[in-house]
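Asks: What would the 3D arrangement of this be:
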Amino acid sequence: MPGLNQLRRLRRRNVAPASLVVESAIRSGQAIFHPDGDVTVLGSVGSGAEVMAGGSIHIYGTLRGRAMAGTSGNRQARIFCRHLEAELLAIDGYIVPPRILTRSCAPSRSRPGWRTRHFLLRK
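Replies: Model prediction:
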């Protein structure tokens, strides 16, 4: 796993960090940590599972566990998922607890066939 100095060298050379693609569901008790870029999950993230990324997180399924994006201080990181039932969301250390998620995330239609939920994190 590349260290912080290697990441800084990559940024100086304008080389984007590699992304991690997980081609299965993430089950309860499992954790994925990729501090150097985005994480894409081609399944669901179960309750009790964690996904942590230095960049953005893309989940092509239901997010029931925890998702923490921008863990290396990336405020531009985002969390995308098909269905949101998360236990916890965090971007660059700003945590959204479940009680706020249930109140602030209303379903909306952004594209035909895609149900998405969204919210805005403010400092």
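Asks: Strands along the protein, start to end?
Replies: According to DSSP state E, the chain carries its strands in the segments 20-22, 31-34, 39-41, 50-53, 57-63, 66-69, 79-84, 88-91, 94-96, 107-111, 114-117.
Asks: Using CSV, lay out the ones you listed together with mean neighbour count.
Replies: The C-beta positions use only the backbone N, C-alpha and C, and glycine is treated the same way. CSV is the format used below for the strands of the chain (neighbours: other C-beta atoms under 10 Å):
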stretch, mean neighbour count
strand 20-22, 15
strand 31-34, 16
strand 39-41, 22
strand 50-53, 22
strand 57-63, 21
strand 66-69, 23
strand 79-84, 19
strand 88-91, 20
strand 94-96, 14
strand 107-111, 9
strand 114-117, 14
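Asks: Just send the ones you listed back as JSON lines, with mean pLDDT too.
Replies: JSON lines is the format used below for these (pLDDT from 0 to 100):
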{"stretch": "strand 20-22", "mean pLDDT": "92"}
{"stretch": "strand 31-34", "mean pLDDT": "94"}
{"stretch": "strand 39-41", "mean pLDDT": "95"}
{"stretch": "strand 50-53", "mean pLDDT": "96"}
{"stretch": "strand 57-63", "mean pLDDT": "94"}
{"stretch": "strand 66-69", "mean pLDDT": "94"}
{"stretch": "strand 79-84", "mean pLDDT": "90"}
{"stretch": "strand 88-91", "mean pLDDT": "91"}
{"stretch": "strand 94-96", "mean pLDDT": "85"}
{"stretch": "strand 107-111", "mean pLDDT": "43"}
{"stretch": "strand 114-117", "mean pLDDT": "44"}
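Asks: Next, the contact list for the closest residue to G29 other than its chain neighbours, please.
Replies: In this structure, G29 finds its nearest non-sequential neighbour in G48, 5.8 Å apart by C-beta to C-beta, 6 or more residues apart in numbering. By C-beta atoms under 8 Å, 6 or more residues apart in numbering, the contact set of G48 is S28, G29, G65, E87.
Asks: pLDDT wise, what is the second one at?
Replies: The score at G29 is 94. That number is its pLDDT.
Asks: from now on call the first residue 145
Replies: With 145 as the first residue, the last one maps to G173.
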